[in-house]
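[1] no sequence on hand, only this structure:
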């Protein structure tokens, strides 16, 4: 068994009287691809926000590589090696697509990895965009982000996360809003990341695509973890069936 | 049957020479040199050479125009980072009072008071606004609008620093040319400096903050630190204008916090075009002299002025500079739609 990379212990968040995430514990090991699924409003995105520091937890702890990161501001967590994408894409709409990647390439983490040198960030950005499927000859990488269709914006989000060279990717519903063909083009990118030894935590609604690549799946419902295990086994769980199809 | 009118559309072709060689300018001819240098030479030559040929009165207007242009550039830079300031007068007033104090109480000469007031004044304002850097848009604007008014009333009520009279009889510049060239060099430095900065990767981060600050945070960058830097840098320019005016007018007082200094720079930048700095300069060089010319109309001045401003912003929302630079860099022609 490999070392645990991310450990979440009893994470709870309540917004007023609403318990969005209730005492969730989970462990993600190095090199794993873990999926988080659950019906709408089950607290998946809140869980991501809690881990990445965008929302402060009411109680509970988050550990990354054995050190506690609970309550740290997002930019510090990013520089430790956790990088996320947003479900609702958040590009820099006024900048050309490849310049969107230059911003993360300016981060302290990347500067350190590059040995303090600055290098040609534009060239790195263009390479990354090609990797996620921006055709190099089509000039689409030079277009202003606001003029790009949703499919490209989603892949731009992924490229922005990749630019930070994180150890742990947290992908928040990357597949939603993508066509089948687009999903088929993104899946190899994720598989390649996994082959490089990256750890990936995927929040996903499109179960069919997720189950093909996930090692393990965690199911949330009303903020609580109701099941965990390999994809095939989890869906046979009566609690999960009830959550998705409605109980008796 | 009536003959169908051919449908026309406007075709725009880049004239750019930058495209050919990416970052390296490969210039083939004098024409290209002139094409490139020409627009940049206009402000340099215009501001530095024109001075001695003008009457003393016109020179005075030119200096006041340059002051507003600097305030507008400062506003434009802060706006680039998403800091919509309604308080350029805060910068002006703080710069002015810091200079006044240094000169009146410590008898320091202008070449020491101005740099000190510029840096410490801006640092003071940045510290003052640090708690509200988290605010965005209108919320930040409201705070910056209120602060100069608070300082004004504070001075009025407590009668510190000369109270309503202000500090008078301060040192002036040794001669007219020192003041003229000081502000002109500052203006050119701010114009070309900020334009260069805006094109760099650092400027990219600043512009990205305006688009989406959470996304910048998600890129591993401390947004608040960058915002504070933008505030300080823009603040330096604003405080410099206040410091300069104090020695130029040999006076600093409550009018330094007047709303004029907040509103004029915004009007100038909107007229000229945001985010280019050159637009801020062009706007100031239209609006400030215009206000001077309209003085002849007495009370109707504001009506003409407001009308002109409203018309130009509606007719050309992108701003004068963006319009002009598009016309300069692109060849436009009508072609038939097939």
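    Yep, that arrived. Please read these numbers as outputs of a predicted model, since none were measured by experiment.
[2] residues of stretch B:318-332 that come out buried?
    Of all the residues in stretch B:318-332, those buried under the rule 16 or more other CB atoms under 10 Å in any protein chain shown are B:319-325, B:329. Heads up, the C-betas are built off the backbone N, CA and C, glycines and all.
[3] tell me the secondary structure of residue B:43, please.
    What DSSP: H, G, I helix; E, B strand; the rest coil gives for residue B:43 is helix.
[4] cool, and residue A:177?
    Classification of residue A:177 by three-state DSSP places it in coil.
[5] closest one of the buried residues of stretch B:318-332 to chain A?
    Checking these against chain A with CB to the nearest CB, the nearest one is residue B:322 at 13.2 Å.
[6] need the contact partners of the helix or strand hosting residue A:152.
    Counting by DSSP states H and E, the element that carries residue A:152 is helix A:150-163. Outside helix A:150-163, the residues that touch it by CB atoms under 8 Å, 6 or more residues apart in numbering or on different chains are A:83-86, A:89-91, A:97, A:100-101, A:103-105, A:110, A:124-125, A:128-129, A:131-134, A:140, A:145, A:148, A:169, A:171, A:174, A:177-179, A:182, A:186, A:189, A:193, B:215, B:218-219.
[7] for the longest helix along chain A, which positions count as buried?
    Longest helix in chain A, counting residues (DSSP state H): helix A:180-195. Buried positions in helix A:180-195, judged by neighbour count with 16+ other CB under 10 Å: A:182-183, A:186, A:189-190, A:193-194.
[8] returning to what we had before: tell me the one of the buried residues of stretch B:318-332 nearest residue B:56?
    Nearest to residue B:56 among those is residue B:320, at 29.0 Å by CB to CB.
[9] per-residue pLDDT of the closest one, please?
    Note on residue B:320: pLDDT of 90.
[10] state the distance from it to residue B:45.
    Residue B:320 sits 20 Å away from residue B:45, going by CB to CB, to the nearest Å.
[11] so who does the residue of chain A found nearest chain B touch?
    Among the residues of chain A, residue A:107 lies closest to chain B, at 3.2 Å counting by CB to the nearest CB. Residues counted as contacts of residue A:107 (CB under 8 Å, 6+ apart) are A:75, A:78-79, A:164, B:219-221.
[12] most surrounded residue in those?
    Counting neighbours by other CB atoms under 10 Å in any protein chain shown, residue B:219 leads those with 30 neighbours.
[13] which pLDDT value belongs to that residue?
    So residue B:219 comes in at 92 (pLDDT).
[14] and it, what are its phi and psi?
    Main-chain torsions, residue B:219, degrees, to the nearest 10: phi -90, psi 10.
[15] if we can go back for a sec, give the buried residues for the helix holding residue A:152.
    Buried positions in helix A:150-163, judged by neighbour count with 16+ other CB under 10 Å: A:151-163.
[16] what stretches of chain A score poorly on pLDDT?
    Along chain A, the parts satisfying pLDDT under 70 run over A:1-2, A:116-118, A:247-248.
[17] what segments of it are helices?
    Using DSSP H, the helices of chain A run over A:44-51, A:74-80, A:97-105, A:108-113, A:121-131, A:150-163, A:180-195, A:207-213, A:231-236, A:238-245.
[18] which residues are in contact with the longest one?
    Okay, so that is helix A:180-195. Against helix A:180-195 from outside (CB under 8 Å, 6+ apart): A:31, A:33, A:131-133, A:151, A:154-155, A:158, A:162, A:169, A:171, A:174-175, A:178, A:200, A:202, A:206, A:209, A:212-213.
[19] hmm, back to that, in terms of distance to residue B:58, which of the contacts of residue A:107 ranks first?
    Closest approach between the contacts of residue A:107 and residue B:58, by CB to CB: residue B:221, at 46.5 Å.
[20] quick check, the closest one in a helix?
    No: counting by three-state DSSP, residue B:221 is not part of a helix but coil.
[21] right, and it touches residue B:205 too?
    Yes: between residue B:221 and residue B:205 there is a contact under CB atoms under 8 Å: 6.2 Å.
[22] hey, what's in contact with both of these two?
    Counting by CB under 8 Å, 6+ apart, the residues touching both residue B:221 and residue B:205 are A:103, A:106.
[23] if we can go back for a sec, now intersect the buried residues of stretch B:318-332 with the helices, please.
    Residues from those lying in helices, with DSSP H as the criterion: B:320-325, B:329.
[24] returning to what we had before: tell me the gap between the longest helix of chain A and the middle of its chain.
    Per CA atoms, centre = their mean, to the nearest Å, the displacement of helix A:180-195 from the mean C-alpha position of its chain is 14 Å.
[25] tell me the contacts of residue B:121?
    B:91, B:94-95, B:98, B:235, B:239, B:242-243.
[26] how does it look with 10 Å?
    In this structure, residue B:121 makes contact with B:90-99, B:235-236, B:238-240, B:242-243, judged by CB atoms under 10 Å, 6 or more residues apart in numbering or on different chains.
[27] contacts with chain A among the residues you listed, please.
    Among these, proximity to chain A is found for none (CB under 10 Å from any CB of the partner chain).
[28] these in helices, which ones?
    The helices, defined by DSSP H, take in B:90-99, B:235-236, B:238-240, B:242-243 from these.
[29] how about the residues of the stretch 151-300 of chain B by chain A?
    B:201-202, B:204-205, B:207-225, B:275.
[30] of these, grab the buried ones for PyMOL.
    Burial among these is assessed by 16+ other CB under 10 Å; the matching PyMOL selection reads:
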select buried, chain B and resi 204+205+207+208+209+210+211+212+213+215+216+217+218+219+220+221+222+223+224+275
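[31] so can I have CSV of the buried residues of stretch B:318-332 showing distance to residue A:39?
    Putting the buried residues of stretch B:318-332 into CSV (distance: CB to CB, whole Å) gives the following:
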residue, distance to residue A:39
B:319, 49
B:320, 54
B:321, 52
B:322, 48
B:323, 52
B:324, 56
B:325, 52
B:329, 53
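[32] what's the closest of the residues you listed to residue B:286?
    Closest approach between the buried residues of stretch B:318-332 and residue B:286, by CB to CB: residue B:320, at 7.7 Å.
[33] ok, the closest one touching residue B:284?
    No: using CB atoms under 10 Å, residue B:320 makes no contact with residue B:284, being 11.4 Å away.
[34] now the contacts of residue B:121: which count as buried?
    B:90-99, B:235-236, B:238-240, B:242-243.
[35] doesn't residue B:11 lie inside a strand?
    Yes: using three-state DSSP, the assignment for residue B:11 is a strand.
[36] quick one: the strands in the stretch 101-250 of chain B, in order.
    With strands called from DSSP state E, counting those that start in this stretch, the stretch 101-250 of chain B shows them at B:167-168.
[37] what is the burial count for the nearest residue to residue B:65 once chain neighbours are set aside?
    Spatially, and ignoring its direct neighbours in sequence, residue B:65 is nearest to residue B:288 (4.2 Å; CB to CB, 6 or more residues apart in numbering or on different chains). The tally of other residues near residue B:288 (other CB under 10 Å) stands at 20.
[38] let me see the contact set for residue B:288.
    Listed by CB under 10 Å, 6+ apart, the contact partners of residue B:288 are B:61-62, B:64-69, B:72, B:264, B:268.
[39] from chain A, how far out is it?
    29 Å (CB to the nearest CB, to the nearest Å).
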